[in-house]
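> Just the structure for this:
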Amino acid sequence: MEDLVKFVQDEFVARKEMPEFSAGDTITVYYEIKEGNKTRTQFFRGVVIQRRGAGATETFTIRKMSGTVGVERIFPVNLPALQKIEVNKRGKVRRARIFYFRGLTGKKARIKERRS
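Numbers count the residues shown, from 1 in each chain. As a prediction, this is how the structure comes out:
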């Protein structure tokens, strides 16, 4: 049954073109917000903490600092409101999910840049 669901998702769910990114990368996500009958584009720039799921149900979590408060946002990969994703920096981390990043402040919260 799972194979059938996976087949249907692969065949019929339209995948958006996205750049390759992983945990530790700093990305900017541009997404559309509807307020009444108006729409506007807003962006969210931060560090990718994790990518989870596969296929149509894949999501990624981004964390940014707003003043002294950490703000996290979870985006589904197939969100219709997503306009584009830009990779600003490639980070060098050893884990796929960097939840320890939440507890770091100041200079400790920097991620080394990966050489490409």
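> Report pLDDT for Glu11.
Here, the pLDDT recorded for Glu11 equals 72.
> Mind telling me what element it is part of?
helix 2-12 (DSSP states H and E).
> And for that helix, what's in contact with it?
55-56 (Cβ atoms under 8 Å, 6 or more residues apart in numbering). Using the backbone N, CA and C atoms, a C-beta is placed for each residue, glycine as well.
> which is the next helix or strand following it?
strand 26-35.
> Residues in contact with the longest strand that the chain contains: which ones?
Counting residues, the longest strand found in the chain (DSSP state E) is strand 38-52. Strand 38-52 is contacted from outside by 21-33, 58-64, 71-73, 83, 88, 91, 96-99, 101-102, 111, using Cβ under 8 Å, 6+ apart.
> same question, stretch 83-95
For stretch 83-95, using Cβ under 8 Å, 6+ apart, the contacting residues are 18-21, 23-32, 41, 45, 47-48, 111-114, 116.
> Now, of those residues, which are buried?
With burial judged by 16 or more other Cβ atoms under 10 Å, the buried subset of these is 21, 23-27, 29, 31, 47-48, 111.
> if we take those, which one ends up nearest to Asn78?
Tyr31 (12.5 Å; Cβ to Cβ).
> So in terms of bridging, what pairs with the closest one?
Gln42, Leu82 (DSSP bridges).
> I figured it hits Arg73, correct?
No: judged on Cβ atoms under 8 Å, Tyr31 makes no contact with Arg73 at a distance of 9.5 Å.
> thinking again about what came up before, is it possible to export the buried ones among the contacts of stretch 83-95 to a markdown table including distance to Asn37 and pLDDT?
Below are the buried ones among the contacts of stretch 83-95 laid out as a markdown table (distance: Cβ to Cβ, whole Å; pLDDT from 0 to 100):
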| residue | distance to Asn37 | pLDDT |
| --- | --- | --- |
| Phe21 | 33 | 93 |
| Ala23 | 38 | 94 |
| Gly24 | 40 | 94 |
| Asp25 | 36 | 95 |
| Thr26 | 34 | 96 |
| Ile27 | 30 | 96 |
| Val29 | 24 | 96 |
| Tyr31 | 18 | 95 |
| Val47 | 35 | 95 |
| Val48 | 33 | 96 |
| Ile111 | 41 | 92 |
